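Q: quick one, structure for this:
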Amino acid sequence: MRTNGVSGFRRGAVALVVLAASVGLTACSAGAASDPAPKPTASDAADGGIAGLDADDAVARVLEATRRTSTVHVVGTYVAPGVEGEGGAESGDAVTQPGNEMTIDLSGARERFTAVLTVDGAVSEWRRIDGEVFVHGDLAAEALLGLRGVSTGFVGLRADDVRIVDWLTLLDVEAVLQSVLDPGLDDVVVTVGAAGADTPSTIQLAVTAAGSLIGTVVVDGAGAALPLSLTVSDAAGSGDFTFSDWGVTAPVERPTVLAEP
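A: Presented below is the predicted three-dimensional model:
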């Protein structure tokens, strides 16, 4: 049976999938994420950068830079594998629940952005202007989101509408980064290292849970400490996201005609 809505991604170990409010990082195998790189020395540090800082200070610097700069362009994909389950009571055969694939293309700030969200082929466009959210999509998106009228035009909603709160969390760059880098769990450890010889100005924050690598965030090590990429990978799924155009204003147009909900 196909998983419906945000719940299809709740089994993921990374906050991007299980949402910032209910993040549950586990000790699953690392998958595709790379091993932590050697830690740089304090002599590598530059004004405003994070090289040479300890993990707590580096994470705080990155999150503060993200919060202060606000606007960004994010593009990426997360894939959760299928899950084996039991067949019908009579057959006893094992069945596999299909996996989920989600792509995000977002430009803007936390409370003012445009985004295209695709979940298992269901495409929807989101526009947020402060406390108002406008959503439009295809028939598959209307069924997925449970928002009547979405397939005929933009539907206007309040940002605190319970039907879209979880989806908005997935589209909150600051919340996602914080819940990956600083989830408040004892077995989650962040280490700071050079991202690679071919990119000397970047720093990698490697995230491990109970000793297993589950993600990396590559940031501008010498400048404003802004994230450049996020990679997550464990048994629950994997994802890659890139961040660009930090601080560039992204216009958000209010729809002139709304569909009847």
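Q: can we go C-alpha only for contacts and neighbour counts from here?
A: Will do.
Q: how near is residue 193 to residue 204?
A: Residue 193 sits 5 Å away from residue 204, taking CA to CA, to the nearest Å as the criterion.
Q: who has more neighbours out of the two?
A: Higher neighbour count among residue 193 and residue 204: residue 204, with 27 against 22, using other CA atoms under 10 Å.
Q: before we move on, what SS does the more buried one have?
A: What DSSP: H, G, I helix; E, B strand; the rest coil gives for residue 204 is strand.
Q: that one and residue 127, how far apart?
A: Distance of residue 204 to residue 127, given as CA to CA: 32 Å.
Q: got it, and residue 138?
A: According to CA to CA, residue 138 and residue 127 sit 15 Å apart.
Q: and the two? Which one has more around it.
A: residue 127 (25 against 18).
Q: just the pLDDT at the more buried one, thanks.
A: Here the pLDDT value assigned to residue 127 is 98.
Q: list the contacts for it?
A: The neighbourhood of residue 127, defined by CA atoms under 8 Å, 6 or more residues apart in numbering, consists of 112, 113, 114, 115, 133, 134, 135, 252, 253, 254.
Q: need the residues you listed in JSON lines (columns: distance to residue 240, neighbour count and pLDDT).
A: Supplementary listing: those in JSON lines, determined by distance: CA to CA, whole Å; neighbours: other CA atoms under 10 Å; pLDDT from 0 to 100:
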{"residue": "112", "distance to residue 240": "23", "neighbour count": "20", "pLDDT": "96"}
{"residue": "113", "distance to residue 240": "20", "neighbour count": "25", "pLDDT": "97"}
{"residue": "114", "distance to residue 240": "20", "neighbour count": "25", "pLDDT": "97"}
{"residue": "115", "distance to residue 240": "17", "neighbour count": "21", "pLDDT": "97"}
{"residue": "133", "distance to residue 240": "26", "neighbour count": "24", "pLDDT": "97"}
{"residue": "134", "distance to residue 240": "26", "neighbour count": "21", "pLDDT": "97"}
{"residue": "135", "distance to residue 240": "25", "neighbour count": "28", "pLDDT": "97"}
{"residue": "252", "distance to residue 240": "25", "neighbour count": "15", "pLDDT": "95"}
{"residue": "253", "distance to residue 240": "28", "neighbour count": "12", "pLDDT": "95"}
{"residue": "254", "distance to residue 240": "30", "neighbour count": "15", "pLDDT": "95"}
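Q: inside helices: which ones of these?
A: Of the contacts of residue 127, none are assigned to helices by DSSP state H.
Q: just the closest of those to residue 64, please.
A: Distance ranking of the contacts of residue 127 against residue 64, using CA to CA, places residue 112 first at 18.7 Å.
Q: those helices in the stretch 101-250 of the chain, which residues are they?
A: 139-145, 165-170, 173-181 (DSSP state H, counting those that start in this stretch).
Q: single out the most deeply packed of those.
A: Here the criterion is mean neighbour count by mean count of other CA atoms under 10 Å, and of the helices of the stretch 101-250 of the chain the winner is helix 173-181, at a mean of 22.
Q: what sits closest to residue 106 if chain neighbours are left out?
A: Spatial nearest neighbour of residue 106, excluding adjacent residues (CA to CA, 6 or more residues apart in numbering): residue 115 at 4.1 Å.
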